[in-house]
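Peer 1: quick one, fold the following:
(one chain, ligands or ions: 2)
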Amino acid sequence: MVVLSKPAVIEHLSLVNNTIFHGVPLIDLSKPDSNSLLVKACREFGFFKVINHGVPTEFITKLESLAIHFFSLPLSEKEKAGLTAPDPLAMATRKLAPMEICIVNGYVSSVKKMACEILEMLAEGLKIEPRNIFSKLVMDEESDSIFRLNHYPPCPDDQFKGRNLIGFGEHTDPQIISVLRSNNTSGLQVLLKDGNWISVPPDQNSFFINVGDSLQVMTNGMFKSVRHRVVANTSKSRISMIYFGGPPLCEKIAPLPSLMKGEDSLYREFTWFEYKKSAYKSRLDENRLGRFEKLQPPCVNKERKIVLS
Ligand SMILES: O=C(O)CCC(=O)C(=O)O
Ligand SMILES: [Fe+2]
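Peer 2: Ligands and ions are numbered 1, 2, ... in the order given. Have a look, this model is predicted:
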(Lines give C-alpha, C1' and ligand atoms only; values in the text may rest on other atoms or scores of the structure.)
(Ligands and ions follow the chains in the order given, each with its own letter.)
Protein backbone atom coordinates (compact mmCIF):
# COMPACT_ATOMS: atom_id res chain seq x y z
CA MET A 1 0.00 0.00 0.00
CA VAL A 2 1.21 3.51 -0.75
CA VAL A 3 0.25 6.18 1.76
CA LEU A 4 0.74 9.87 1.16
CA SER A 5 0.65 12.01 4.25
CA LYS A 6 -1.17 15.32 4.46
CA PRO A 7 1.19 18.28 4.09
CA ALA A 8 2.97 18.90 7.41
CA VAL A 9 0.80 17.63 10.22
CA ILE A 10 1.68 20.38 12.64
CA GLU A 11 1.32 19.20 16.20
CA HIS A 12 2.53 22.05 18.33
CA LEU A 13 4.77 25.07 18.34
CA SER A 14 7.84 24.79 20.45
CA LEU A 15 11.45 25.77 20.68
CA VAL A 16 13.50 22.83 19.52
CA ASN A 17 17.15 22.03 19.66
CA ASN A 18 18.83 22.21 16.26
CA THR A 19 22.25 20.83 17.20
CA ILE A 20 23.66 19.13 14.11
CA PHE A 21 25.05 15.71 14.93
CA HIS A 22 27.87 14.33 12.85
CA GLY A 23 28.15 11.04 14.74
CA VAL A 24 25.42 9.00 13.02
CA PRO A 25 27.06 5.58 12.44
CA LEU A 26 27.86 5.15 8.75
CA ILE A 27 28.05 1.54 7.64
CA ASP A 28 29.44 0.38 4.32
CA LEU A 29 27.45 -2.78 3.61
CA SER A 30 30.15 -4.08 1.29
CA LYS A 31 32.81 -4.22 4.03
CA PRO A 32 33.57 -7.47 5.88
CA ASP A 33 33.21 -5.90 9.34
CA SER A 34 29.73 -4.51 8.65
CA ASN A 35 27.86 -7.24 10.62
CA SER A 36 29.41 -6.27 13.92
CA LEU A 37 29.12 -2.53 13.15
CA LEU A 38 25.41 -2.98 12.43
CA VAL A 39 24.91 -4.74 15.77
CA LYS A 40 26.84 -1.99 17.59
CA ALA A 41 24.77 0.76 15.94
CA CYS A 42 21.48 -1.00 16.77
CA ARG A 43 22.52 -1.36 20.41
CA GLU A 44 23.88 2.15 20.87
CA PHE A 45 21.59 4.28 18.68
CA GLY A 46 18.90 2.15 17.04
CA PHE A 47 19.73 4.33 14.07
CA PHE A 48 22.42 4.42 11.39
CA LYS A 49 22.99 5.08 7.71
CA VAL A 50 24.22 2.73 5.03
CA ILE A 51 26.18 3.09 1.80
CA ASN A 52 26.89 0.53 -0.91
CA HIS A 53 23.31 -0.54 -0.36
CA GLY A 54 22.66 -1.87 -3.87
CA VAL A 55 19.54 0.24 -4.56
CA PRO A 56 19.93 1.55 -8.13
CA THR A 57 20.16 5.36 -8.35
CA GLU A 58 17.66 5.28 -11.20
CA PHE A 59 14.94 3.87 -8.87
CA ILE A 60 15.64 6.58 -6.33
CA THR A 61 15.57 9.51 -8.77
CA LYS A 62 12.43 8.29 -10.52
CA LEU A 63 10.57 7.91 -7.24
CA GLU A 64 11.76 11.28 -6.00
CA SER A 65 10.52 12.98 -9.20
CA LEU A 66 7.18 11.22 -8.85
CA ALA A 67 6.85 12.35 -5.23
CA ILE A 68 7.77 15.95 -6.12
CA HIS A 69 5.15 15.84 -8.86
CA PHE A 70 2.43 14.51 -6.48
CA PHE A 71 3.04 17.15 -3.89
CA SER A 72 3.35 20.05 -6.33
CA LEU A 73 -0.12 19.45 -7.79
CA PRO A 74 -2.58 22.26 -7.07
CA LEU A 75 -5.10 21.44 -4.34
CA SER A 76 -7.93 20.99 -6.87
CA GLU A 77 -5.87 18.38 -8.76
CA LYS A 78 -4.95 16.64 -5.52
CA GLU A 79 -8.61 16.48 -4.56
CA LYS A 80 -9.52 15.05 -7.97
CA ALA A 81 -6.79 12.43 -7.66
CA GLY A 82 -7.92 11.51 -4.14
CA LEU A 83 -4.67 12.85 -2.69
CA THR A 84 -6.27 14.75 0.17
CA ALA A 85 -7.74 13.29 3.32
CA PRO A 86 -10.98 14.64 4.84
CA ASP A 87 -9.54 14.75 8.33
CA PRO A 88 -6.28 16.70 8.85
CA LEU A 89 -4.75 13.85 10.84
CA ALA A 90 -5.68 11.16 8.37
CA MET A 91 -3.39 9.87 5.68
CA ALA A 92 -4.39 10.19 2.06
CA THR A 93 -4.22 7.08 -0.08
CA ARG A 94 -4.88 6.68 -3.74
CA LYS A 95 -4.69 4.25 -6.59
CA LEU A 96 -1.66 4.68 -8.81
CA ALA A 97 -1.42 4.77 -12.59
CA PRO A 98 0.41 1.74 -14.16
CA MET A 99 3.62 3.74 -14.77
CA GLU A 100 3.57 5.04 -11.19
CA ILE A 101 3.04 1.50 -9.89
CA CYS A 102 6.10 0.40 -11.82
CA ILE A 103 8.23 3.18 -10.26
CA VAL A 104 6.99 2.55 -6.72
CA ASN A 105 7.32 -1.24 -7.04
CA GLY A 106 10.87 -0.99 -8.38
CA TYR A 107 11.92 1.21 -5.48
CA VAL A 108 10.04 -0.74 -2.78
CA SER A 109 11.27 -4.16 -3.87
CA SER A 110 14.85 -2.95 -4.01
CA VAL A 111 14.65 -1.26 -0.60
CA LYS A 112 12.94 -4.33 0.88
CA LYS A 113 15.78 -6.51 -0.42
CA MET A 114 18.29 -4.20 1.25
CA ALA A 115 16.31 -4.20 4.52
CA CYS A 116 16.29 -8.02 4.50
CA GLU A 117 20.03 -8.16 3.83
CA ILE A 118 20.61 -5.86 6.80
CA LEU A 119 18.38 -8.07 8.98
CA GLU A 120 20.36 -11.13 7.89
CA MET A 121 23.66 -9.40 8.61
CA LEU A 122 22.29 -8.52 12.04
CA ALA A 123 21.43 -12.17 12.73
CA GLU A 124 24.98 -13.11 11.69
CA GLY A 125 26.44 -10.34 13.84
CA LEU A 126 24.41 -11.63 16.79
CA LYS A 127 25.51 -15.20 15.99
CA ILE A 128 21.97 -16.52 15.97
CA GLU A 129 20.39 -18.98 13.58
CA PRO A 130 18.81 -19.29 11.14
CA ARG A 131 20.27 -16.33 9.26
CA ASN A 132 16.79 -15.32 8.10
CA ILE A 133 15.25 -15.33 11.58
CA PHE A 134 14.30 -11.63 11.27
CA SER A 135 14.21 -11.22 7.50
CA LYS A 136 11.75 -14.07 6.93
CA LEU A 137 9.07 -11.99 8.66
CA VAL A 138 9.51 -9.16 6.17
CA MET A 139 9.95 -11.55 3.21
CA ASP A 140 6.74 -13.41 4.09
CA GLU A 141 3.99 -13.01 1.49
CA GLU A 142 1.68 -11.87 4.27
CA SER A 143 4.18 -9.34 5.63
CA ASP A 144 2.39 -6.21 6.82
CA SER A 145 4.81 -3.67 5.36
CA ILE A 146 4.00 -0.09 4.38
CA PHE A 147 5.57 2.47 2.11
CA ARG A 148 4.91 6.11 2.96
CA LEU A 149 5.72 9.46 1.37
CA ASN A 150 5.70 12.50 3.66
CA HIS A 151 5.69 16.13 2.56
CA TYR A 152 6.65 19.05 4.78
CA PRO A 153 6.21 22.45 3.14
CA PRO A 154 8.79 25.09 4.14
CA CYS A 155 7.92 27.11 7.24
CA PRO A 156 9.82 30.42 6.98
CA ASP A 157 11.51 31.64 10.13
CA ASP A 158 10.10 35.18 10.04
CA GLN A 159 6.56 33.86 9.90
CA PHE A 160 7.07 31.76 13.02
CA LYS A 161 9.25 34.24 14.93
CA GLY A 162 12.32 32.05 15.02
CA ARG A 163 10.41 29.11 16.44
CA ASN A 164 10.53 25.74 14.77
CA LEU A 165 7.46 23.83 13.78
CA ILE A 166 7.24 20.15 14.50
CA GLY A 167 6.28 18.53 11.21
CA PHE A 168 5.99 14.99 12.56
CA GLY A 169 5.76 14.51 16.31
CA GLU A 170 8.15 12.32 18.28
CA HIS A 171 7.55 8.60 18.08
CA THR A 172 9.14 5.23 17.52
CA ASP A 173 8.27 3.13 14.47
CA PRO A 174 6.25 0.07 15.49
CA GLN A 175 7.48 -2.34 12.78
CA ILE A 176 10.77 -4.29 12.59
CA ILE A 177 12.90 -1.98 10.46
CA SER A 178 12.39 1.34 8.65
CA VAL A 179 14.36 2.51 5.62
CA LEU A 180 14.25 6.26 5.09
CA ARG A 181 15.59 8.84 2.71
CA SER A 182 14.68 12.44 1.95
CA ASN A 183 15.16 14.93 -0.89
CA ASN A 184 18.46 16.06 0.66
CA THR A 185 16.59 18.35 3.07
CA SER A 186 17.20 18.51 6.81
CA GLY A 187 14.47 18.11 9.42
CA LEU A 188 14.91 14.64 10.89
CA GLN A 189 15.90 14.59 14.56
CA VAL A 190 16.64 11.62 16.80
CA LEU A 191 16.74 11.31 20.56
CA LEU A 192 20.09 10.17 21.92
CA LYS A 193 20.45 8.00 25.03
CA ASP A 194 21.59 11.07 27.00
CA GLY A 195 18.15 12.63 26.44
CA ASN A 196 19.27 15.20 23.84
CA TRP A 197 17.54 15.67 20.53
CA ILE A 198 19.96 16.07 17.65
CA SER A 199 19.46 17.06 14.01
CA VAL A 200 20.53 14.50 11.46
CA PRO A 201 22.29 16.08 8.45
CA PRO A 202 20.65 14.88 5.22
CA ASP A 203 22.70 12.59 3.00
CA GLN A 204 21.76 11.91 -0.61
CA ASN A 205 24.03 8.90 -0.92
CA SER A 206 22.84 6.94 2.08
CA PHE A 207 19.71 5.33 3.41
CA PHE A 208 18.85 5.91 7.06
CA ILE A 209 17.76 2.85 8.98
CA ASN A 210 15.66 2.82 12.18
CA VAL A 211 15.23 -0.12 14.53
CA GLY A 212 11.48 -0.53 15.11
CA ASP A 213 9.63 -1.57 18.29
CA SER A 214 9.20 -5.18 17.10
CA LEU A 215 12.95 -5.64 16.66
CA GLN A 216 13.52 -4.15 20.11
CA VAL A 217 11.17 -6.79 21.53
CA MET A 218 12.68 -9.68 19.55
CA THR A 219 16.12 -8.75 20.89
CA ASN A 220 14.70 -8.38 24.43
CA GLY A 221 15.63 -4.71 24.49
CA MET A 222 19.21 -5.17 23.26
CA PHE A 223 18.44 -3.15 20.11
CA LYS A 224 16.82 0.23 20.67
CA SER A 225 13.81 1.41 18.75
CA VAL A 226 14.88 4.98 18.10
CA ARG A 227 12.64 7.90 19.09
CA HIS A 228 12.58 10.43 16.29
CA ARG A 229 10.64 13.43 14.94
CA VAL A 230 10.73 15.89 12.07
CA VAL A 231 11.16 19.65 12.36
CA ALA A 232 9.89 21.63 9.39
CA ASN A 233 12.63 23.18 7.30
CA THR A 234 12.57 26.99 7.17
CA SER A 235 13.41 27.35 3.50
CA LYS A 236 13.02 24.06 1.63
CA SER A 237 10.16 21.69 1.10
CA ARG A 238 11.06 18.28 2.55
CA ILE A 239 9.89 15.04 1.01
CA SER A 240 10.69 11.77 2.70
CA MET A 241 10.19 8.20 1.57
CA ILE A 242 9.98 5.47 4.17
CA TYR A 243 9.62 1.75 3.83
CA PHE A 244 8.44 0.08 7.05
CA GLY A 245 9.22 -3.65 7.08
CA GLY A 246 6.66 -5.36 9.29
CA PRO A 247 5.74 -8.98 10.11
CA PRO A 248 2.52 -10.76 9.07
CA LEU A 249 -0.47 -9.71 11.20
CA CYS A 250 -0.76 -13.12 12.87
CA GLU A 251 2.96 -13.34 13.72
CA LYS A 252 3.77 -13.76 17.40
CA ILE A 253 6.36 -11.24 18.57
CA ALA A 254 8.45 -12.10 21.63
CA PRO A 255 12.11 -12.09 22.68
CA LEU A 256 14.07 -14.79 20.83
CA PRO A 257 15.14 -17.57 23.23
CA SER A 258 18.56 -17.66 21.50
CA LEU A 259 19.19 -14.09 22.64
CA MET A 260 17.96 -14.42 26.21
CA LYS A 261 20.88 -16.38 27.68
CA GLY A 262 19.17 -16.86 31.03
CA GLU A 263 17.74 -13.33 31.14
CA ASP A 264 14.08 -12.74 31.93
CA SER A 265 11.85 -11.71 29.09
CA LEU A 266 11.10 -7.98 29.31
CA TYR A 267 7.96 -8.31 27.20
CA ARG A 268 4.93 -10.54 27.05
CA GLU A 269 4.23 -12.22 23.75
CA PHE A 270 1.82 -10.46 21.40
CA THR A 271 0.76 -10.73 17.81
CA TRP A 272 1.69 -7.96 15.41
CA PHE A 273 -2.05 -7.38 14.92
CA GLU A 274 -2.51 -6.81 18.67
CA TYR A 275 0.42 -4.41 18.80
CA LYS A 276 -0.62 -2.49 15.73
CA LYS A 277 -4.16 -2.12 17.05
CA SER A 278 -2.88 -0.90 20.39
CA ALA A 279 -0.31 1.45 18.80
CA TYR A 280 -2.90 3.07 16.53
CA LYS A 281 -5.18 3.68 19.52
CA SER A 282 -2.44 5.35 21.55
CA ARG A 283 -0.90 8.81 21.30
CA LEU A 284 1.95 9.15 18.80
CA ASP A 285 4.47 10.13 21.49
CA GLU A 286 3.49 7.41 23.97
CA ASN A 287 5.84 4.60 24.95
CA ARG A 288 3.63 2.19 23.09
CA LEU A 289 5.63 -0.84 24.16
CA GLY A 290 4.87 0.03 27.80
CA ARG A 291 1.61 -1.93 27.69
CA PHE A 292 3.51 -5.05 26.65
CA GLU A 293 6.34 -4.83 29.17
CA LYS A 294 6.39 -7.50 31.84
CA LEU A 295 6.44 -6.36 35.41
CA GLN A 296 9.95 -7.07 36.66
CA PRO A 297 10.36 -8.80 40.02
CA PRO A 298 11.61 -6.49 42.79
CA CYS A 299 15.36 -6.02 42.32
CA VAL A 300 17.86 -6.91 44.97
CA ASN A 301 20.45 -4.23 45.70
CA LYS A 302 24.05 -4.71 46.73
CA GLU A 303 23.17 -5.07 50.42
CA ARG A 304 20.75 -7.81 49.31
CA LYS A 305 17.76 -5.86 50.59
CA ILE A 306 14.61 -6.18 48.55
CA VAL A 307 13.79 -2.83 46.96
CA LEU A 308 10.06 -2.60 46.61
CA SER A 309 9.59 0.79 44.99
O1 LIG B 1 9.81 12.27 7.32
C2 LIG B 1 10.72 11.74 7.94
O3 LIG B 1 11.90 11.96 7.72
C4 LIG B 1 10.41 10.74 9.03
C5 LIG B 1 8.96 10.42 9.10
C6 LIG B 1 8.69 9.32 10.07
O7 LIG B 1 9.34 9.18 11.07
C8 LIG B 1 7.60 8.36 9.80
O9 LIG B 1 6.90 8.51 8.79
O10 LIG B 1 7.44 7.41 10.61
FE1 LIG C 1 8.97 7.34 12.05
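Peer 1: residue of the stretch 201-309 of the chain nearest ligand 1, please.
Peer 2: Taking Cβ to the nearest ligand atom as the measure, the stretch 201-309 of the chain has Ser240 as its residue closest to ligand 1, at 3.3 Å. The C-beta positions use only the backbone N, C-alpha and C, and glycine is treated the same way.
Peer 1: what's the helix or strand for that residue?
Peer 2: Per DSSP states H and E, Ser240 falls inside strand 238-245.
Peer 1: pLDDT of that strand, averaged?
Peer 2: If you average the pLDDT over strand 238-245, you get 97.
Peer 1: which secondary structure elements does that strand contact?
Peer 2: Judged by 3 or more Cβ pairs under 8 Å, 6 or more residues apart in numbering; DSSP states H and E, the packing partners of strand 238-245 are helix 57-72, helix 98-126, strand 146-152, strand 177-182.
Peer 1: which one of these lies closest to Ile166?
Peer 2: Of all the helices and strands packed on strand 238-245, it is strand 146-152 that lies closest to Ile166, at 10.0 Å by Cβ to Cβ.
Peer 1: touching ligand 1 at all, the closest one?
Peer 2: Yes. Judged by Cβ under 6 Å from any ligand atom, strand 146-152 comes into contact with ligand 1 at Arg148, Asn150.
Peer 1: tell me which helix or strand comes right after that strand.
Peer 2: Next element after strand 146-152 (DSSP H and E): strand 164-171.
Peer 1: in its sheet, what does that following strand sit against?
Peer 2: Strand 164-171 sits in its sheet next to strand 13-14 (antiparallel), strand 228-231 (antiparallel), going by DSSP bridges.
Peer 1: lowest mean pLDDT across those strands, which one is that?
Peer 2: strand 13-14 (a mean of 44).
Peer 1: next helix or strand past that strand?
Peer 2: strand 26-28.
Peer 1: tell me which residues in that next one are buried?
Peer 2: Neighbour counts using 16 or more other Cβ atoms under 10 Å place Ile27 of strand 26-28 among the buried residues.
Peer 1: distance between that strand and the chain's centre?
Peer 2: Centroid separation for strand 26-28 versus its chain: 18 Å, with Cα atoms, centre = their mean, to the nearest Å.
Peer 1: which elements pack onto that strand?
Peer 2: Secondary-structure packing of strand 26-28 (3+ Cβ pairs under 8 Å, 6+ apart): helix 34-44, strand 47-51.
Peer 1: deepest of these, which one?
Peer 2: strand 47-51 (a mean of 22; mean count of other Cβ atoms under 10 Å).
Peer 1: apart from its chain neighbours, what residue comes closest to His53?
Peer 2: Nearest non-adjacent residue to His53, counting by Cβ to Cβ, 6 or more residues apart in numbering: Met114, 5.0 Å away.
Peer 1: residues in contact with that neighbour?
Peer 2: If a contact means Cβ atoms under 8 Å, 6 or more residues apart in numbering, then Met114 has Leu29, Val50, His53, Gly54, Val55, Val179, Phe207 as its contacts.
Peer 1: ok, the first one - contacts?
Peer 2: Contacts were defined as Cβ under 8 Å, 6+ apart; by that measure Leu29 touches Val50, Ile51, Asn52, His53, Gly54, Met114, Glu117, Ile118, Met121.
Peer 1: what is the nearest of those residues to Phe273?
Peer 2: Ile118 (24.7 Å).
Peer 1: report how many residues lie close to that closest one.
Peer 2: Here the count is done by other Cβ atoms under 10 Å, and Ile118 has 25 residues near it.
Peer 1: next up, the contacts around it.
Peer 2: Leu29, Leu38, Val50, Ile177, Ile209.
Peer 1: pLDDT and distance to Arg227 for those - can I get that in a markdown table?
Peer 2: Below are those laid out as a markdown table (pLDDT from 0 to 100; distance: Cβ to Cβ, whole Å):
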| residue | pLDDT | distance to Arg227 |
| --- | --- | --- |
| Leu29 | 98 | 25 |
| Leu38 | 98 | 20 |
| Val50 | 98 | 20 |
| Ile177 | 98 | 16 |
| Ile209 | 98 | 15 |
